[in-house]
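Asker: Sequence unavailable; structure follows:
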């Protein structure tokens with residue numbers, strides 16, 4: 001029997017949509033029974049097929065060089081929790097933060113700007129994105145759009161199609177905070193390999209600490225890059241937001257497509273969610289004014305403390 005849509009638990013507060021209690025994300029995960037890949041609408045399947053056909057495999061995912069054992073282990077242990085996010089007009093990365101195997105549900109976070117063009121289920125009055133999780137059998141494949149579309153819209157029994165359907169989910173958008181550029185998604189039928197990424201502490205972060213980013217920059221799926229923390233900035237305003245947030249500044253390479261993905265410590269703990277690169281707010285000679293300045297190599301992640309506050 002299908003469970004009924006339940007969105008009444010969402011409250012509008014200070015211009016953002018926030019979950020009323022910690023436990024409500026489980027109810028949100030039950031919003032849509034259409035989370036199985038074979039129920040993805042044809043128009044959405046066509047978008048997924050087009051996006052995947054334009055993606056490429058990151059050579060680092062195949063480790064052509066011999067990395068340190070710790071980085072290889074970190075990648076293996078966390079990559080399944082960093083699904084690709086596909087919306088009508090954007091792609092991005094994300095971070096699985098909570099799972100409940102008994103309920104068969106999970107919660108993940110990405111950027112607000114990644115999901116501003118969601119797919120709409122008008123019948124159920126829900127907004128959603130498509131999530132594609134890591135699978136070794138697909139990580140080195142070249143996606144053919146017609147084959148992807150056929151797999152998602154028919155009951156073809158080939159191993160490749162079964163594998164694709166097994167890692168494709170619908171993520172229902174249950175909360176969004178533009179001021180911190182965060183969005184919360186819930187999905188059901190959690191892939192077996194997915195384990196939440198453990199949360200670190202911003203208070204323990206220091207300039208010079210090693211960092212790792214996993215995501216999908218410029219369409220290179222499941223890429224890993226490394227760098228260091230450049231600084232931790234409190235009372236930072238993202239874009240033109242009036243809300244002050246904690247951000248972790250890093251020179252770890254990121255590009256469009258990394259947005260919403262994890263900034264990790266060298267032991268795999270989450271210390272931030274990537275919010276972008278290239279521009280940051282800086283004070284001009286007029287202390288009351290802000291100036292947008294180009295900043296190559298100066299990348300930002302919203303601090304994990306902000307993420308914890310958002311999902312609690």
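Answerer: Alright, I've got the coordinates. All values reported here derive from a predicted model rather than from experimental measurement. Numbers count the residues shown, from 1 in each chain.
Asker: Outline the domain layout of the chain.
Answerer: If you go by automatic domain parsing, the domain ranges for the chain are 10-188, 202-311.
Asker: Dump the ones you listed into CSV; add distance to residue 194 as well.
Answerer: In this view, the C-beta of every residue, glycine as well, is placed from N, C-alpha and C. Formatted as CSV, the domains of the chain follow (distance: least, CB to CB, whole Å):
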stretch, distance to residue 194
domain 10-188, 5
domain 202-311, 14
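Asker: Let's have those in CSV, adding mean pLDDT and mean neighbour count.
Answerer: Below are the domains of the chain laid out as CSV (pLDDT from 0 to 100; neighbours: other CB atoms under 10 Å):
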stretch, mean pLDDT, mean neighbour count
domain 10-188, 81, 19
domain 202-311, 83, 19
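Asker: Grab the most central residue of this protein for me.
Answerer: Taking CA atoms, centre = their mean, the centroid of the chain lies closest to residue 94, which sits 1.1 Å from it.
Asker: wouldn't that one be in contact with residue 83 here?
Answerer: Yes - taking CB atoms under 8 Å as the definition, residue 94 is a contact partner of residue 83 at 5.6 Å.
Asker: just so I have it, where are all the helices in the stretch 201-312 of the chain?
Answerer: Along the stretch 201-312 of the chain, the segments classed as helices by DSSP state H, counting those that start in this stretch run 304-311.
Asker: That one: strands as residue ranges?
Answerer: Assigned strands in the stretch 201-312 of the chain, in chain order: 210-215, 220-221, 223-237, 244-250, 262-265, 270-283, 290-303 (criterion: DSSP state E, counting those that start in this stretch).
Asker: Relative to the fourth one, what are the paired strands and their orientations?
Answerer: I take that to be strand 244-250. With DSSP bridges as the test, strand 244-250 is paired with strand 223-237 (antiparallel), strand 290-303 (antiparallel).
Asker: Take those strands and write them to a markdown table, including distance to residue 116.
Answerer: Shown next, in a markdown table, are these (distance: least, CB to CB, whole Å):
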| stretch | distance to residue 116 |
| --- | --- |
| strand 223-237 | 19 |
| strand 290-303 | 16 |
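Asker: nearest to residue 105, of those?
Answerer: strand 290-303 (24.0 Å; CB to CB).
Asker: picking up where we left off before, and the residue nearest to the centre of the chain, how far is that from residue 126?
Answerer: 18 Å (CB to CB, to the nearest Å).
Asker: just residue 86 next, same as before
Answerer: 16 Å.
Asker: now residue 144
Answerer: Separation of residue 144 from residue 126 (CB to CB): 30 Å.
Asker: Which secondary structure elements does the longest helix seen in the chain sit against?
Answerer: What stands out as the longest helix in the chain, according to DSSP state H, is helix 42-53. Counting contacts by 3 or more CB pairs under 8 Å, 6 or more residues apart in numbering; DSSP states H and E, helix 42-53 packs against strand 84-86, strand 126-132, helix 145-153.
Asker: show me what contacts the residue nearest to residue 96 when sequence neighbours are not counted?
Answerer: Among residues not flanking residue 96 along the chain, residue 81 sits closest, at 4.0 Å (CB to CB, 6 or more residues apart in numbering). Shown in contact with residue 81 (CB atoms under 8 Å, 6 or more residues apart in numbering): 95-96, 194-197, 262.
Asker: returning to that earlier point: got any residues that touch both of residue 94 and residue 83?
Answerer: Residues touching both residue 94 and residue 83 by CB under 8 Å, 6+ apart: 108, 131.
Asker: which secondary structure element contains residue 160?
Answerer: Element membership for residue 160, per DSSP states H and E: helix 159-166.
Asker: what angle do the following helix or strand past that helix and helix 145-153 make?
Answerer: Sequence order places strand 168-177 as the next helix or strand after helix 159-166, per DSSP H and E. Angle of strand 168-177 versus helix 145-153, following axes from the mean of the first three to the mean of the last three CA atoms, to 10 degrees, is 80 degrees.
Asker: Show me what strand 168-177 packs onto, helices and strands only.
Answerer: If contacts are counted by 3+ CB pairs under 8 Å, 6+ apart, strand 168-177 sits against strand 16-19, helix 24-29, strand 126-132, strand 182-188.
Asker: repeat that for 6 Å
Answerer: The contact analysis (3 or more CB pairs under 6 Å, 6 or more residues apart in numbering; DSSP states H and E) places strand 168-177 against strand 16-19, strand 126-132, strand 182-188.
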